[in-house]
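> how does the following fold in three dimensions:
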Amino acid sequence: MGDTVAQPPKTRDKAFAEFVLPEVEVLLRVAMTLTAQPADAEDLVQDTLLRAYRAIDRFDGEHSRAWLLTIMRHAEINRHRRRRPHLLDDPDADLDRLTAVGAEASPEDVVVGESFDEVVAAALAALPDKHWEVVRLVDIGGLSYGEAAEVLDVPEGTVMSRLHRARKRIRTQLAAAGLAPKPKRSMM
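Numbers count the residues shown, from 1 in each chain. Okay, here's the model as predicted:
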């Protein structure tokens, strides 16, 4: 048998109350930036708290916020993966259909119209998970690079690099759909 012995429920409850419960407000704030929907944020916090309770025996008592944010990040990645396949049924078909946007449509019609939303949704869905997370935290959630780096447990420079790459991919897809200027080719 392993060296780790499960703590009795009373000890486990005490550790949970000491290390986890004081961070619930922070978890809810971060969950809102990750999900943008109050009900989804509450579900994510609940999932995080449940996972933390189950794992409290293995927690060393240091850096509880970082530990909890890591649990939350992994829980959200798993939730996102479960939802993602239906988002990617055939993004190329959507892009082909959207390139047929008529020249007679005003810029306002294009931006406000469903086609723009569909292209943006397809561009976001096509991003690798690590790029999507950064876009969701910084561009959608409004976190600073430093805050996003803390949530993702990566250096701030990594957040900036991933965000740059993600924005470039999104611009490319918007340009391919005729909804943004074509990128200039660099002379290298």
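> how long is stretch 55-63 end to end?
15 Å (CA to CA, to the nearest Å).
> averaged pLDDT, that stretch. What do you get?
Mean pLDDT, computed over stretch 55-63, is 85.
> surely residue 152 touches residue 72?
No: at 10.7 Å, residue 152 does not count as touching residue 72 under the criterion of CB atoms under 8 Å. Every residue, glycine included, has its C-beta placed from N, CA and C.
> which residue ranges make up each domain of this structure?
With domains defined by automatic domain parsing, the chain comprises 1-87, 88-181.
> circling back: residue 152 and residue 72 - which one has more neighbours?
For the pair residue 152 and residue 72, the greater number of neighbours falls to residue 72 (24 against 19), based on other CB atoms under 10 Å.
> hang on, the more buried one packs against residue 44?
Yes: at 6.4 Å, residue 72 counts as touching residue 44 under the criterion of CB under 8 Å.
> shared neighbours, the two?
31, 34 (CB atoms under 8 Å, 6 or more residues apart in numbering).
> quick one: end-to-end distance for stretch 126-137.
Stretch 126-137 has an end-to-end distance of 17 Å (CA to CA).
> now that stretch: average pLDDT?
88.
> centre of the chain versus that stretch, how much separation?
Relative to its parent chain, stretch 126-137 has a centroid offset of 6 Å by CA atoms, centre = their mean, to the nearest Å.
> quick one: buried residues of that stretch?
126, 127, 131, 132, 133, 134, 135, 136, 137 (16 or more other CB atoms under 10 Å).
> lowest-scoring secondary structure element of the protein by mean pLDDT?
Every helix and strand of the chain was ranked by mean pLDDT, DSSP states H and E. The lowest is helix 107-112, at a mean of 48.
> count of neighbours near residue 167?
So residue 167, with other CB under 10 Å, has 16 neighbours.
> and for residue 164?
12.
> which non-adjacent residue is nearest the spatially most central residue of the chain?
The centroid of the chain falls nearest to residue 133 when counting by CA atoms, centre = their mean (3.2 Å). The shortest distance from residue 133 to any non-neighbouring residue, by CB to CB, 6 or more residues apart in numbering, is to residue 152 (6.2 Å).
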